[in-house]
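[1] Got a predicted structure here, sequence first:
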Amino acid sequence: MSRAFVFPGQGAQTVGMGRALAGAYPAARAVFDEVDAALGEKLSALIWEGDIETLTLTQNAQPALMATSIAAMRALEAEGIAVTSAAYVAGHSLGEYSALCAAGALTLADTARLLRLRGQAMQAAVPVGVGAMAALLGLDFATAEAVAREAAEGEVCQAANDNDPAQVVVSGHKAAVERALEIAKAKGAKRAILLPVSAPFHCALMDPAARAMEAALAGVEIRTPAVPVVANVRAEAVSDPEVIRRLLVKQVTGAVRWRESVAWMAAQGVGEFWEVGAGRALSGMIRRIAPEAATKAVGTPEDVAAVMG
């Protein structure tokens, strides 16, 4: 039975995340220092002492969540648990960048700068109020796709995140997403709720952001990861740097195939998923996708001690 390290996406951020790790592990502290230097600002001060509204802005949340994940990874490494102890790494949306950084495909400084740009480009792609995202609970992916198609009516409405067997997120123009809420309820959704996000991620409206990321990624070195990365848009492992580069561009407008990614890893013999970074949202999804698999969350020194057993 093998292990996978998985890395969370937006929504997991909390003020104070990673601070205890930085206090306990010099290597974790060094992560926040390097990210601050790469961005030319004290992002660590915002993460540890700022307000949640500013931290939640996507241009801040993306590098902040990555820094917290890599700090947790460095803490594990300080205890002798290397990334190569896993068969695979994977991350949810921005978490895919954390996974690539953890596996050595991207440097920490490049990852921080890419995620700052990704956040800025995603926010700039669509004026605030034009787009929306909604979670449809109790519908499978095929039904959610049908809901999105029916709701579109000439606008953009796509299934954006296939999170687990009973949670799919749709994204697109606000009016179309609001239509999807009603259609989903009529098709038997237990709940259909608008999400508090600032832009409609992972849909065709993000194309300007995809072009910005294509230009930025063209100037960044991507190395072969130390362990294969299960890509969001493929739901299978990739290691070729040029394939990784293309898929990171595609990921901006493409669906996050998280349910399929976890199921694929489970089918390859992964029986243990370690969620590295802030929160436990992925662990909940994984338990619903692969109930037989064990999950562990690693976001504090106490968590590190617990997994060390």
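    All right, it came through fine.
[2] chain center to stretch 101-109, what's the gap?
    15 Å (CA atoms, centre = their mean, to the nearest Å).
[3] cool, and stretch 118-135?
    16 Å.
[4] Flag every buried residue along that stretch.
    For stretch 118-135, burial by neighbour count (16 or more other CB atoms under 10 Å) applies to 118-123, 125-126, 131-135. Backbone N, C-alpha and C define where each C-beta goes, glycine included.
[5] Farthest-apart pair in the residues you listed, please.
    Q120 and A135 (25.0 Å; CB to CB).
[6] distance between the ends of stretch 52-60?
    10 Å (CA to CA, to the nearest Å).
[7] Need the residues that contact that stretch.
    Contacts of stretch 52-60 with the rest of the structure, by CB atoms under 8 Å, 6 or more residues apart in numbering, involve 10, 13-15, 43, 46-47, 61, 64, 116, 119-120, 122-123, 198-199.
[8] So which of the residues you listed sit within helices?
    Those of the contacts of stretch 52-60 mapping onto helices are 43, 46-47, 61, 64, 116, 119-120, 122-123, per DSSP state H.
[9] Would you point out the helix or strand in this protein whose mean pLDDT is lowest?
    Lowest mean confidence among the helices and strands of the chain (mean pLDDT, DSSP states H and E): helix 52-56, at a mean of 93.
[10] Going by neighbour count, list what's buried in that one.
    55-56.
[11] Could you tell me how far it lies from the centre of the chain?
    17 Å.
[12] do stretch 90-109 as well
    Distance of stretch 90-109 from the chain centroid (CA atoms, centre = their mean) equals 9 Å.
[13] Which stretches in the stretch 101-250 of the chain count as strands?
    Under the criterion DSSP state E, counting those that start in this stretch, the stretch 101-250 of the chain contains strands at 131-137, 157-164, 167-173, 191-194, 229-230, 237-238.
[14] Nearest to A215 among the buried residues of stretch 118-135?
    Checking those one by one against A215 (CB to CB), the nearest turns out to be A121, at 9.7 Å.
[15] mind listing what the closest one touches?
    208-209, 212-213.
[16] let's see it at 6 Å
    209, 212 (CB atoms under 6 Å, 6 or more residues apart in numbering).
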